[in-house]
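Visitor: pasting the structure only:
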């Protein structure tokens, strides 16, 4: 069934769109990533103009995140307090990110900076995660050896301590705010919710239990992507409501399935899968940068960008 | 306006050969509805003449269908330190979103370069590119790339031999319009040529418009963007909640 999208001004197959929404929703519910990094290229691939793909993708992520968070809330796997602290940091970071974005844009070559940052960042995060979780899986197979759950590091010496009961942490608010800020900066520059940067940061930098990380990440993604959607709608009029609606229907169902799928997997397995996903996106971007393109010319729609 | 005036002049300056085009289109409006999946325009007509068919070279028909004009930016990638980067950009001043030319015979045999220049019929002539930034030497390559890319995606088409002409009098042609049609006026021009020179010209217009839901959504997005954005968010939140609630019911 073909559907003409009023803002994108192209016609697309409704079932393809449902499928894209569904896949992104599953990832969202399973890993706590918004899926913005995946939905945008997929939409672009089926011929949706990039600006519409980015803005509408953000709108869909809001829906699948809400769906995912509600499922996680019932399982008491959302640390609302931690989520709020991260969000405060995230909003400050976004502001800084927008400023940095404009600065880089004035110098030209913002695209290159973003792509290089992505490759380096994702490669490092994905590689480390894969190594760590494979190690953890191997340890788990061997006869049980007592592992210290909370290791005291320099992080615990910082002031302004706060109790995060759901995460079982009693740490200073400074690290979460800093994590939120850095993710906010990256999210604003790269134009994504930042879930797949936030999730590893929560696990490895803040030491949050994997099960809580997914819901908490989704909670803060809702606000970031809602803000993005509104900004795009007001400044560029590039949110396609009809496209969003079809993606959302697929996405919310996918998110529910993803949440259940994620609950059945072990924490280590979940982390390995996420690491592989991050590495796959990294490889795709690296190939785009290094491979000789099929055509060195490309058309940017509309006038001067 | 200037272009229209030029065409008027061109029409007036035509030699009085006594041959005129009478033509019609199968539709003068195309409505883009929610399940719009491309369309078809059938152009048909006849040659009206007072005297018998002139001796000598045969009559030819060239039909050009042109979509709304808009500026387009074409970028070129280059390898810098091993990495492919967009380095140069050329803004093409006006390029049609859709352009199709159908002819009775190969293009060079039915229209001379001078006539093509005057009426802007062929695809390269239909694109207007004035200046390129000083750092770009070969701006021609950018225009060619635009034509190539748009031809590959099927919105620029040269259909030689696709106009059927019977008895040098009756002609018809069929144009397929793609599903990713842009809204606006589509101009159809029908040229009657003999010895590669234009004998007569007929113009018609097709209005392509979004209707119903398509129009409502588009209008709201452009007229009250904040309300539209908020509605989109509300839709997302409601859908997320509904799915969650529905799945809980299934579980129970």
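Guide: Great, that's in hand. What you see is a predicted model; the values in this text were computed from it and never measured.

Visitor: could you check how far stretch A:47-56 is from the centre of its chain?
Guide: Relative to the chain's own centre, stretch A:47-56 is displaced by 17 Å; criterion: Cα atoms, centre = their mean, to the nearest Å.

Visitor: report the mean confidence score over that stretch.
Guide: Across stretch A:47-56, pLDDT averages out at 79.

Visitor: would you mind listing the buried residues in it?
Guide: Neighbour-count burial for stretch A:47-56 flags A:48-49, A:51-56 (criterion: 16 or more other Cβ atoms under 10 Å in any protein chain shown). Where you see a C-beta, it was placed from the backbone N, CA and C, and this is true even at glycine.

Visitor: in helices, which of the residues you listed appear?
Guide: A:51-56 (DSSP state H).

Visitor: ok, then the element right after the top helix by length along chain A?
Guide: Criterion DSSP H: the longest helix present in chain A is helix A:110-141. Per DSSP states H and E, helix A:110-141 leads on to strand A:161-164 as the next helix or strand towards the C-terminus.

Visitor: note down every partner strand of that next one and its orientation.
Guide: The strands that strand A:161-164 pairs with in its sheet are strand A:169-172 (antiparallel) (by DSSP bridges).

Visitor: the strand it pairs with: how far from the chain's middle?
Guide: For strand A:169-172, the distance to the chain centre is 24 Å (Cα atoms, centre = their mean).

Visitor: give me the buried positions along that strand.
Guide: Those buried within strand A:169-172 under the rule 16+ other Cβ under 10 Å are A:169, A:171.

Visitor: for chain A, which segments count as strands?
Guide: A:2-5, A:10-13, A:161-164, A:169-172, A:297-300 (DSSP state E).

Visitor: of the ones you listed, flag the one that's most buried.
Guide: With neighbours taken as mean count of other Cβ atoms under 10 Å in any protein chain shown, the strands of chain A reach their highest mean count in strand A:2-5, at a mean of 21.

Visitor: by mean pLDDT, flag the weakest helix or strand of chain B.
Guide: Scoring the helices and strands of chain B by mean pLDDT, DSSP states H and E places helix B:2-12 at the bottom, with a mean of 56.

Visitor: next secondary structure after that helix?
Guide: strand B:19-25.

Visitor: which residues touch residue A:86?
Guide: Residue A:86 is in contact with A:176-177, A:179-180, A:183, A:198, A:202, A:216, A:220, counting by Cβ atoms under 8 Å, 6 or more residues apart in numbering or on different chains.

Visitor: those residues: which two are farthest apart?
Guide: A:177 and A:216 (14.4 Å; Cβ to Cβ).

Visitor: and the two? Which one has more around it.
Guide: Using other Cβ atoms under 10 Å in any protein chain shown as the criterion, residue A:177 and residue A:216 rank with residue A:216 on top: 30 against 19.

Visitor: and the pLDDT for the more buried one?
Guide: Reading off the model, residue A:216 has pLDDT 87.

Visitor: then the one 5 residues further on?
Guide: Note on residue A:221: pLDDT of 83.

Visitor: what do you get for residue B:1?
Guide: Residue B:1 is given a pLDDT of 55.

Visitor: neighbours around residue B:138, how many?
Guide: 12.

Visitor: got the contact list for it?
Guide: Here residue B:138 is in contact with no residue (Cβ under 8 Å, 6+ apart).

Visitor: what distance do you get for it to residue B:145?
Guide: 10 Å (Cβ to Cβ, to the nearest Å).

Visitor: kindly report the residues of the stretch 101-250 of chain A close to chain B.
Guide: A:109, A:111-112, A:116, A:226, A:229-230, A:232-235, A:237, A:239-242, A:244-245, A:248-249 (Cβ under 8 Å from any Cβ of the partner chain).

Visitor: quick one: low-confidence parts of chain A?
Guide: A:34, A:105-111, A:142-159, A:190-193, A:300-305 (pLDDT under 70).

Visitor: which phi and psi does the spatially most central residue of chain B have?
Guide: Closest residue to the average C-alpha location of chain B: residue B:98 at 2.5 Å, with Cα atoms, centre = their mean. When quoted as degrees, to the nearest 10, the phi and psi of residue B:98 stand at phi -150, psi 140.

Visitor: if we can go back for a sec, give the buried residues for the longest helix of chain A.
Guide: Of the residues in helix A:110-141, those buried (16+ other Cβ under 10 Å) are A:110, A:112-115, A:118-119, A:122-123, A:125-126, A:129-130, A:132-133.

Visitor: which of those lies closest to chain B?
Guide: When the buried residues of helix A:110-141 are compared for distance to chain B (Cβ to the nearest Cβ), residue A:112 wins out at 5.2 Å.

Visitor: ok, residue A:299 to chain B distance?
Guide: Going from residue A:299 to chain B by Cβ to the nearest Cβ, to the nearest Å gives 6 Å.

Visitor: for that residue, list the residues it contacts.
Guide: Counted by Cβ under 8 Å, 6+ apart, residue A:299 has contacts B:72-75, B:146, B:149-150.

Visitor: let's see it at 6 Å
Guide: B:74, B:149 (Cβ atoms under 6 Å, 6 or more residues apart in numbering or on different chains).
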